[in-house]
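Engineer: Next comes the sequence, and after it the predicted model I'd like to discuss.
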Amino acid sequence: MKEFNFYLRTIFLSALLFFFIFFLHFLRAGEATLRTLNQSAGGTAFLLIALSLLITPFLRFFKLGIDGRYVKYMGIVGFFFALFHAIYSLVRISDFSDILSWMSENPYAGSTGVLALLLLFFLFLISNKFSKNLFGEGNWKLLLRRGAEISFLLTLFHFTFLRYTEWPLIMFPSFLLLVIALGVIIFRSVHYLKEN
């Protein structure tokens with residue numbers, strides 16, 4: 001029951017993030033489309049991964065009494081948003097030859113997106129007590145932490161290769177996500193230096 005409550009709260013937070021990003025896309029495009037929904041799903045996945053990386057150092061830095069286990073649930077829900085984003089993107093490009101054509105035209109965006117999704121899937125598979133006992137608690141936590149950091153960077157690269165042309169115009173939400181990404185990297189780096 002307690003785990004269900006964690007999921008419920010995380011899903012509620014995710015829904016708020018999703019509608020916020022969707023609203024920003026709507027303001028920019030002036031219309032709500034399936035493509036806007038898909039972009040919002042990708043942005044939500046990115047933000048959830050970013051938040052999961054911020055929680056632990058944030059709690060230690062400010063000594064807040066928030067349960068750190070939300071890290072796990074944000075990562076899992078973020079994976080499903082990323083999965084929806086990937087599936088819709090593939091369905092939208094209906095022909096397999098078109099998918100190969102898009103990948104050849106966007107090799108860096110495509111490869112980093114696929115690698116990030118595969119890594120998130122792996123982290124989802126090992127987010128359980130069986131894997132914790134198998135790897136040992138210390139190794140298990142390190143594996144999840146490093147995996148989350150790498151998937152975040154891969155997602156950032158995927159997003160960068162697709163949207164970098166918008167940043168000079170400071171067009172939301174792409175510029176907003178970039179600022180958040182830089183904030184995560186700086187905060188994690190400061191936390192790492194303090195811990196070591």
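Structural biologist: Now that the structure is in, tell me what you want to look at.

Engineer: what is the rounded mean pLDDT of stretch 129-149?
Structural biologist: For stretch 129-149, the mean pLDDT works out to 91.

Engineer: Only the buried residues of it, if you could.
Structural biologist: For stretch 129-149, burial by neighbour count (16 or more other CB atoms under 10 Å) applies to 140, 143-144, 147-149. For every residue, glycine as well, the C-beta is placed using N, CA and C.

Engineer: Same check on stretch 105-120?
Structural biologist: Here stretch 105-120 shows 109-110, 112-113, 115-117, 119-120 as buried, counting by 16+ other CB under 10 Å.

Engineer: What helices and strands are in contact with the helix or strand hosting residue 143?
Structural biologist: Assigning secondary structure by DSSP states H and E places residue 143 in helix 137-163. Packed against helix 137-163 by the contact rule (3 or more CB pairs under 8 Å, 6 or more residues apart in numbering; DSSP states H and E) you find helix 34-62, helix 70-92, helix 107-125, helix 129-135, helix 174-195.

Engineer: which residues of this protein score low on pLDDT?
Structural biologist: Applying pLDDT under 70 to the chain flags the ranges 1, 59-68, 93-98, 163-178, 190-196.

Engineer: What degree of burial does the residue lying closest to residue 10 once chain neighbours are set aside show, as a neighbour count?
Structural biologist: Leaving out its chain neighbours, the residue that sits closest to residue 10 by CB to CB, 6 or more residues apart in numbering is residue 73, at 4.1 Å. Residues contacting residue 73 under the criterion other CB atoms under 10 Å number 23.
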